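In: Provide a 3D model corresponding to the input given below.
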Amino acid sequence: MASKHGVVINRPNSVNYSPTLNMDDLMGTWYVTHSTLPLWKNMKDVTISYSPISRDTPGPPLQFDDVVEYRRATQPRTSALSRVAGVDTVLGAATCFKWRGRGLLFIASSRWQLLGHRGADAGAGAGAAAWAVTFFERTLFTPAGLDIYARTPAGLPADLVDEIVGGLRAVGGDVARLAEGLFEVPRSPEDSPSSTL
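Out: Below is the predicted model:
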């Protein structure tokens, strides 16, 4: 499904994922703006940072570090962030991944995939917002879910979010059902001369 903002949402396990993913577009820090995962209902300032793990052969990374940071909704912006670290491994299709926790979380794992994305240089015009949508399969500890990511703490324009959600609904099935439960993940207000904390 294409739209004014260039939103294309793919079905889970799509073999013809569009647009083609350049792994560099996925690397770096993403701000979780919307989610269906119950864990994020009582959290704020959720970010996910991906960084490639060096490999001996040329080509895109087959594994990359995955660091999730967040704080409880009741904590001030100045409080320390909680952190969960893991490693993602590419599974067959370049948009499907297996996450495994690091340290004490080594026993935890999950599968996730991109359903859509737009990198900052995707030709959508100056100032176009980079975004991504991920779909997480159910695990022993978490239900299946969706996250919407933005590259900046300011999030995404409302009409772009509406188009992403509309694209998720159009996919049908579990994705459409999950899209009905998306909620906004709050961010702490930034310090500014006019802000009152």
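
In: can you pull out the strands in the chain?
Out: Ranges of strands within the chain are 28-35, 43-52, 63-72, 82-91, 93-101, 109-118, 131-136, 145-150, 183-184, based on DSSP state E.

In: Report all helices and strands that the first one contacts.
Out: Other elements packing on strand 28-35 under the criterion 3 or more Cβ pairs under 8 Å, 6 or more residues apart in numbering; DSSP states H and E are strand 43-52, strand 145-150, strand 183-184. C-beta coordinates here come from the backbone N, C-alpha and C atoms, glycine included.

In: Distance to residue 111 and mean pLDDT added to those, as a markdown table?
Out: What follows is these, written out as a markdown table (distance: least, Cβ to Cβ, whole Å; pLDDT from 0 to 100):
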| stretch | distance to residue 111 | mean pLDDT |
| --- | --- | --- |
| strand 43-52 | 16 | 96 |
| strand 145-150 | 12 | 97 |
| strand 183-184 | 23 | 96 |
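
In: and those, which is most packed in?
Out: Of all the helices and strands packed on strand 28-35, strand 145-150 carries the top mean neighbour count, a mean of 23, counting by mean count of other Cβ atoms under 10 Å.

In: How about residues contacting it?
Out: Residues from elsewhere that reach strand 145-150 (Cβ atoms under 8 Å, 6 or more residues apart in numbering): 30-37, 48, 115, 129-136, 156, 161, 164, 168, 175, 178-179, 182.

In: what do you get for stretch 157-171?
Out: Outside stretch 157-171, the residues within contact range by Cβ under 8 Å, 6+ apart are 1, 3-5, 7-11, 33-34, 115-116, 129, 131, 133, 146, 148, 155-156, 175-176, 178-180, 182.

In: repeat that with 10 Å
Out: By Cβ atoms under 10 Å, 6 or more residues apart in numbering, the surrounding residues in contact with stretch 157-171 are 1-12, 14, 33-34, 115-116, 118, 128-129, 131-133, 135, 146, 148, 150, 155-156, 175-180, 182, 184.
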